[in-house]
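Participant: compute the structure for the input listed below.
(one chain, ligands or ions: 1)
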Amino acid sequence: MREYKNLKKNILTSIDKIFQSGTLLFGDELKKFEKNFCIFNKSKYGLGVSNGTDALFIALKCLNIGKGDEVITVSNTAIPTAAAIINAGASIKFTDIGKDYLIDVNKISTLINKKTKAIIPVHLFGQTCDMNKILNIAKKYKLKVIEDCAQSTGAMYKGKKAGTLGDIGCHSFYPTKILGAYGDGGFLTTNNKKLYEKMHRFRFYGIDTLGTNKKWKNKYYSIEHGINSRLNEIQSSILNLKLKKINFFIERRRSIAKKYFNGLKNLNIELPLVNKNNFHVFHIFEVAHKKRDRIIKKMKERNVNLSIHYPYPIHKMRGYKNFIKKNSNHLHETEKKSKMIFSLPIYPSLRDNEIKAIINNLKEIISKF
Ligand SMILES: Cc1ncc(COP(=O)(O)O)c(C=O)c1O
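Facilitator: The predicted model follows:
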């Protein structure tokens, strides 16, 4: 891991300090990270949890969304978005995506009925959905908005950080994410104090460790049902170190994206659409081509591994199709794109010569079609 080489000394010093202290959970590193990640996002409140899937689940549960309720989201997302909704006991209604691979806001209203309780816009690939339109719909129909920011930590919509526009923002620190831990990690942001307190209890079996109500400040007494979802001290300490560099990580990703845009602009390949009002952090650089599978094969022969995000829309998967409400929208664009999309390598430690080689290989392969 290239990144580790640079951070090794600091990471090991920090971990050693934690081991010496004997506090492995709910210690100073988590407190520090929660404070600084909230400052970074300009969010009033925030709490670390075990992973991004838990963050979504906790958000849904603490907004009282469950059995009999419906949640609107997209099928072109990572499985966890759907898994969290099902785990909460609710049903999913999928809507199609637009040319930017994000929720098609013009199709949301047709899915709303009395059972609809929330919209989960997924800020996929590192850019934000059209939040003004989503918030207007949510206001009109009294729906909650949970932002899935797993791929868009640091992205901005009209200058505001992803996750601070809706009721709750859910982040993931999966190792390859914009802010990656060295293991699992997740986070919830909110500007609502009561909601924060509730989520804080929920992540720890419903125990009021904040002492919101003095009567219940006892770590062996639960005041409501909850789960165990902790961001441990080791991951928090690594995240504290990496948070100092997050703007550098994002700038490097943006500069790699710029090189791809310039290098591939005259090629017959669909490049990502970057929305107005949006600061894109390029978690993933998704492109599309009808001969996607051939391109991937040829690139592999040249030792370049390309991924697909995502080859199977969730409504097509055996594990999920039975949970999907029948009257979801037709998902034409989602299905069409799933057969064409693939992603180019993008991460801060990718070297300029490697980017050049990827561009040149793609040019050679595609120009022969
Ligand atoms: C869009 C999206 N939502 C949710 C998650 C869940 O995050 P985690 O892997 O931390 O549980 C991920 C990451 O895998 C993701 O990409």
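
Participant: for the nearest residue to E197 once chain neighbours are set aside, give its distance to H200.
Facilitator: Ranked by Cβ to Cβ, 6 or more residues apart in numbering and with sequence neighbours excluded, the top spatial neighbour of E197 is T212, at 5.0 Å. Bear in mind the C-beta positions are built from the backbone N, C-alpha and C, glycine included. From T212 across to H200, the span is 8 Å (Cβ to Cβ, to the nearest Å).

Participant: these two - which one has more neighbours?
Facilitator: H200 (22 against 17; other Cβ atoms under 10 Å).

Participant: can you pull the contacts of that one?
Facilitator: By Cβ atoms under 8 Å, 6 or more residues apart in numbering, the contact list for H200 reads L47, T209, L210.

Participant: the first one contacts K31, correct?
Facilitator: No: applying Cβ atoms under 8 Å, one finds L47 not in contact with K31, separated by 10.4 Å.

Participant: for the residue nearest to E197, helix, strand, or coil?
Facilitator: Using DSSP: H, G, I helix; E, B strand; the rest coil as the criterion, the local structure at T212 reads coil.

Participant: one step back: will you turn the contacts of H200 into a markdown table that also has pLDDT?
Facilitator: Output for those, formatted as a markdown table (pLDDT from 0 to 100):
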| residue | pLDDT |
| --- | --- |
| L47 | 98 |
| T209 | 92 |
| L210 | 92 |
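
Participant: most surrounded residue in those residues?
Facilitator: When neighbours are taken as other Cβ under 10 Å, the top entry among those is L47 (25 neighbours).

Participant: close to the ligand: what parts of this protein are there?
Facilitator: 51-53, 77-78, 80-81, 122, 148, 150-151, 172, 174, 184, 186 (Cβ under 6 Å from any ligand atom).

Participant: okay, and which of those map to strands?
Facilitator: Counted as lying in strands by DSSP state E, out of those, are D148, S172, G186.

Participant: buried stuff in whatever helix or strand F40 lives in?
Facilitator: Taking DSSP states H and E as the definition, one finds F40 inside helix 28-41. Along helix 28-41, these residues count as buried under the neighbour rule (16 or more other Cβ atoms under 10 Å): E29, L30, F33, E34, F37, C38, F40, N41.

Participant: then stretch 279-295?
Facilitator: 279-289, 292, 295.

Participant: cool, stretch 212-219 as well?
Facilitator: T212, W216.

Participant: pretty sure S349 contacts E3?
Facilitator: Yes: counting by Cβ under 8 Å, S349 touches E3, with 5.3 Å between them.

Participant: these two - which one has more neighbours?
Facilitator: E3 (17 against 13).

Participant: what sits up against the host helix or strand of the more buried one?
Facilitator: Element membership for E3, per DSSP H and E: helix 2-21. The contact list for helix 2-21, computed with Cβ under 8 Å, 6+ apart, reads 24, 27, 29, 182, 233-234, 237-238, 240-242, 348-349.

Participant: next, the contact list for the residue positioned nearest the centre of the chain, please.
Facilitator: For the chain, A150 is the residue whose C-alpha lies nearest the centre (Cα atoms, centre = their mean; 1.2 Å). Taking Cβ under 8 Å, 6+ apart, we find A150 in contact with G52, A78, P80, V122, C170, H171, S172, Y174, K177.

Participant: near the third one, how many other residues are there?
Facilitator: Applying other Cβ under 10 Å, we find 22 other residues in the vicinity of P80.

Participant: now the residue nearest to the centre of the chain. Its backbone dihedrals?
Facilitator: phi -50, psi -30 (degrees, to the nearest 10).

Participant: isn't N36 right up against L241?
Facilitator: No: using Cβ under 8 Å, N36 makes no contact with L241, being 11.0 Å away.

Participant: ok, for the one residue in the stretch 151-300 of the chain that gets nearest to the ligand, nearest residue in space, not its chain neighbours?
Facilitator: The minimum distance from the stretch 151-300 of the chain to the ligand, using Cβ to the nearest ligand atom, falls at S172 (3.3 Å). Counting by Cβ to Cβ, 6+ apart, the nearest residue to S172 once its immediate chain neighbours are dropped is G52, at 2.7 Å.

Participant: was I right to think that neighbour contacts I178?
Facilitator: No: assessed by Cβ under 8 Å, G52 is found out of contact with I178, at 11.7 Å.
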